[in-house]
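Enquirer: Provided below for reference: sequence and predicted model.
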Amino acid sequence: MKGYLPGRLVLVLAAVLALALAFGPLCFAQAADNGNRGFLFDESSTVSGSGDVSIKGSFNDYAVASKGWMKGSGSIRLESLRNMNKTGLKVGLTQKSDLVFGGGQLKNRKKMELPLFQKGIGATVSERFNLSHVDKNESSFIRSRGGNSNFMVFDTALAFEGLWDIKNTRGFSINMNKSEELYKGSFQAQKKIQLDDSSV
C-alpha cells in the first residue's frame, strides 16, 4: 500500500498544477478587480486535427458577460483570440475566431450580454448551431463605461451546412424587443449586429 503513495502524490500535484495553469489568469483577474485596480487577460490559441472537440468559456462582470460552449467530432482548424480588460467602471471584452470544420457534427451555444444597456433594460446577442460543415470568421466586442455608455458589436461571415440560429434581444417581459433568424440547409451568410446607447 505504501508503494502507491508517491504515485498518488504525483497525480495530486499534477492535478493542482493543471488547475493553476487553466484558471490562474482568471483567478488573478478577479482578485485584482476586487481591489478596483483593474486587470488584463489575453489568450490566443491555434489547433488543427481530427477527433473529439469540447470547448467551454465564460466571463462574468456586472456590466459585461459572455459564455458559450462548442462540442462535436470531426476535422477542425480553429484560431481564436480573447482579450479582457477592466479599469474601475470601464470593462471591455474582445473575441475573434476563424473556424473550419467538416467530416462530422459540431454544435455550439453562445451568449453575450450588456446588463446595463439603456439604463438597465439589458441587451443580449445569442447564437446556436448544429453543423456538419462550416467555414466561419467571427469577431465581437463588448464594452461598458458604466451608466449610459454601453456598446456591443457582433460580426460574422460563414458558409455552412446544417442549422444556424442568431438572435438579439433588448429589454425583458412584455416590453422585450427581439429579432431572430434561423436557417437550416446549405447557406452562405453575413451578419452584423450593433447595439450602442452612448448617444441616446
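Expert: Right, received. Where do you want to start?
Enquirer: Let me see the ranges of the helices in the chain.
Expert: Ranges of helices in the chain, per DSSP state H, are 5-34, 117-120.
Enquirer: Tell me the pLDDT of the nearest residue to Ile121 once chain neighbours are set aside.
Expert: Counting by C-beta to C-beta, 6 or more residues apart in numbering, Ile121 lies nearest to Gly171, which is 4.4 Å off, once chain neighbours are set aside. Bear in mind the C-beta positions are built from the backbone N, C-alpha and C, glycine included. Looking at Gly171, its pLDDT stands at 85.
Enquirer: Could you pull up the residues touching Gly171?
Expert: Counting by C-beta atoms under 8 Å, 6 or more residues apart in numbering, Gly171 touches 118, 121-122, 177.
Enquirer: Quick check: end-to-end length of stretch 84-97?
Expert: Start to finish, the residues bounding stretch 84-97 are 15 Å apart (C-alpha to C-alpha, to the nearest Å).
Enquirer: Would you mark the buried spots in that stretch?
Expert: 84-86, 91-93, 95-97 (16 or more other C-beta atoms under 10 Å).
Enquirer: now stretch 45-53
Expert: Those would be Val53, for stretch 45-53 by 16+ other C-beta under 10 Å.
Enquirer: Now distance to Ser198 too, for the buried residues of stretch 84-97, in CSV please.
Expert: As requested, the buried residues of stretch 84-97 are exported to CSV (distance: C-beta to C-beta, whole Å):
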residue, distance to Ser198
Met84, 20
Asn85, 18
Lys86, 18
Val91, 14
Gly92, 13
Leu93, 17
Gln95, 21
Lys96, 23
Ser97, 26
